[in-house]
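Participant: coords please:
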Amino acid sequence: MSATTITQSATLSLSRAARELELRRGEFDLALHLGCVRSVPDEGGGGRRITRAEIDRVRAEAGFPEALRERVKAVGTTEGAALVGVTNARFTRLARLGLVVPVKFYLNRYRMVVWLYLAEELRQFATDEHNAPLLRGRTPEVLRDQLREGLDLRPRNWRGRHLGFLLRRTEDPWARAAAVASLLDPVHVAEIVKDPYERAHLNRLRPAPVSQAAPDSPGALIAERITTADHPDEIGWLRADLGQSVLDAREDRPAPRPTPAPSTVPAPGPAHASSPSRPTGAPPTGVPRAVRERLTATEAPHTPPESARSRRLLAWLRRRSPDESAYSALNSPSCTTETSRRPSRS
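Facilitator: Residues are numbered from 1 along each chain as shown. Have a look, this model is predicted:
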């Protein structure tokens with residue numbers, strides 16, 4: 001049995017762990033984000049998993065499962081206002097001012113953003129004596145001026161909280177840098193991370209989108225607008241954080257780069273003198289005799305007939321003696337012809 005099989009048998013998938021803890025999937029996701037349930041990376045590359053020991057620890061807590069459900073309970077504006085004891089309008093103003101922080105959001109069928117808040121945090125906010133002037137009486141003039149100017153800190157506060165969730169999930173330096181980069185516009189990321197291979201590595205480690213809408217759909221565009229920083233001071237803070245995170249990641253290990261392709265040029269072999277050379281025109285060894293004879297006949301140089309006759313004539317002339325050469329010269333046709341042409345003496 002392989003080590004991966006043993007590890008998977010000792011851990012549970014997220015859906016199985018949610019059933020073991022008697023939580024709906026949305027409640028279980030919040031439990032992971034809030035640290036109520038700890039997860040471990042899957043060694044097989046399949047995401048996050050929950051160990052059996054963690055399941056047993058959570059189930060052994062007092063008041064399980066009601067206490068766990070209460071800790072991860074998220075409510076909307078109407079129920080949240082009832083918990084705090086204010087009207088829906090006042091509760092919305094408190095949320096826009098950043099006094100209560102949303103924990104998640106979703107789009108309803110009209111593509112309107114619905115913010116959700118932790119019920120436990122709202123109860124703590126209502127019982128804090130310092131917040132009593134905000135819950136009773138007139139809202140301070142400074143805060144009303146900010147509301148009139150269009151201040152809405154709900155998206156920014158959600159991004160800050162979501163980034164904390166992402167950073168708690170991993171200790172890998174590159175994955176932490178990717179979490180920061182996921183909240184910035186790609187233009188800002190390219191300005192901070194100049195290396196294209198490092199940017200590609202960050203994109204591979206980018207967290208999954210919070211919206212399940214189809215890419216480039218109206219719902220996906222709305223979710224992208226919420227998950228992307230738009231305040232100048234927030235952008236500056238995230239840019240600085242990304243630059244430092246990338247420096248830490250480089251010190252840990254470099255980003256993967258493509259392996260250069262092997263050269264197709266053959267390496268220089270040993271010198272020719274080290275291997276025995278065969279004579280020119282000789283057939284290669286290891287060839288049958290009949291084939292060697294045909295190769296020898298084919299590779300033999302062709303001598304023109306006229307050149308052969310010239311060489312034989314020169315060889316015959318060299319073998320003759322000097323007397324025979326002189327006698328042949330006197331009796332040659334040229335001499336006889338010249339004598340016959342002289343006038344006779346009568």
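Participant: what's Leu118 sitting at in phi/psi?
Facilitator: phi -70, psi 130 (degrees, to the nearest 10).
Participant: can you pull the contacts of it?
Facilitator: 30, 72-75, 103 (CB atoms under 8 Å, 6 or more residues apart in numbering). Just so you know, the C-beta spots here come from the backbone N, C-alpha and C atoms, and that holds for glycine as well.
Participant: how about those in CSV, adding pLDDT and secondary structure?
Facilitator: As requested, these are exported to CSV (pLDDT from 0 to 100; DSSP: H, G, I helix; E, B strand; the rest coil):
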residue, pLDDT, secondary structure
Leu30, 94, helix
Val72, 96, coil
Lys73, 96, coil
Ala74, 97, strand
Val75, 97, strand
Val103, 97, coil
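Participant: for Arg136, state which of those residues is nearest.
Facilitator: Closest approach to Arg136 among these (CB to CB): Val75, at 21.3 Å.
Participant: off-centre distance for the helix or strand harbouring Val58?
Facilitator: In this assignment (DSSP states H and E), Val58 forms part of helix 52-59. For helix 52-59, the separation from the chain centroid amounts to 35 Å (computed by CA atoms, centre = their mean, to the nearest Å).
Participant: what does that helix contact?
Facilitator: By CB under 8 Å, 6+ apart, helix 52-59 touches 10-12, 17, 20-21, 36-39, 64-65, 68.
Participant: and with 7 Å instead?
Facilitator: Under the criterion CB atoms under 7 Å, 6 or more residues apart in numbering, residues 10-12, 17, 20-21, 37-38, 64, 68 lie in contact with helix 52-59.
Participant: give me the neighbour count for Val101.
Facilitator: Val101 has 18 neighbours, counted by other CB atoms under 10 Å.
Participant: any idea how far the closest residue to it other than its chain neighbours lies from Thr227?
Facilitator: Closest residue in space to Val101, ignoring its immediate chain neighbours: Asn157 at 4.4 Å, by CB to CB, 6 or more residues apart in numbering. Distance, Asn157 to Thr227, by CB to CB, to the nearest Å: 13 Å.
Participant: again with Ile50
Facilitator: 26 Å.
Participant: the longest helix in this structure is where?
Facilitator: The longest helix of the chain (DSSP state H) is helix 232-252.
Participant: any regions of the stretch 201-346 of the chain where pLDDT drops low?
Facilitator: 263-346 (pLDDT under 70).
Participant: try it again with 80
Facilitator: 212, 260-346 (pLDDT under 80).
Participant: equivalent analysis for the stretch 1-150 of the chain, please.
Facilitator: 1-9, 43-46.
Participant: ranges for the strands of this protein?
Facilitator: Counting by DSSP state E, the chain has strands at residues 11-12, 40-41, 48-51, 74-75, 104-107, 113-118.
Participant: returning to what we had before: which among the contacts of Leu118 gets closest to Ala132?
Facilitator: The closest of the contacts of Leu118 to Ala132 turns out to be Val75 (CB to CB; 21.2 Å).
Participant: beta partners of the closest one?
Facilitator: Assessed by DSSP bridges, Val75 has beta-bridge partners Tyr117.
Participant: which residues does it contact?
Facilitator: If you count contacts by CB under 7 Å, 6+ apart, Val75 has them with 83, 116-117, 119.
Participant: which one of Ile50 and Thr227 has more residues nearby?
Facilitator: Taking other CB under 10 Å, Ile50 and Thr227 do not tie; Ile50 has more neighbours (23 against 18).
Participant: check the contacts of Val75 for burial and list the buried ones.
Facilitator: 83, 116-117, 119 (16 or more other CB atoms under 10 Å).
Participant: pull the most distant pair out of those residues.
Facilitator: Across these, no pair lies farther apart than Leu83 and Leu116, at 12.6 Å, counting by CB to CB.
Participant: the longest helix of the chain packs against which elements?
Facilitator: helix 173-181, helix 186-192 (3 or more CB pairs under 7 Å, 6 or more residues apart in numbering; DSSP states H and E).
Participant: out of those helices, deepest packed?
Facilitator: helix 173-181 (a mean of 23; mean count of other CB atoms under 10 Å).
Participant: can you pull out the helices in the stretch 151-300 of the chain?
Facilitator: 154-168, 173-181, 186-192, 196-204, 218-227, 232-252, 289-299 (DSSP state H, counting those that start in this stretch).
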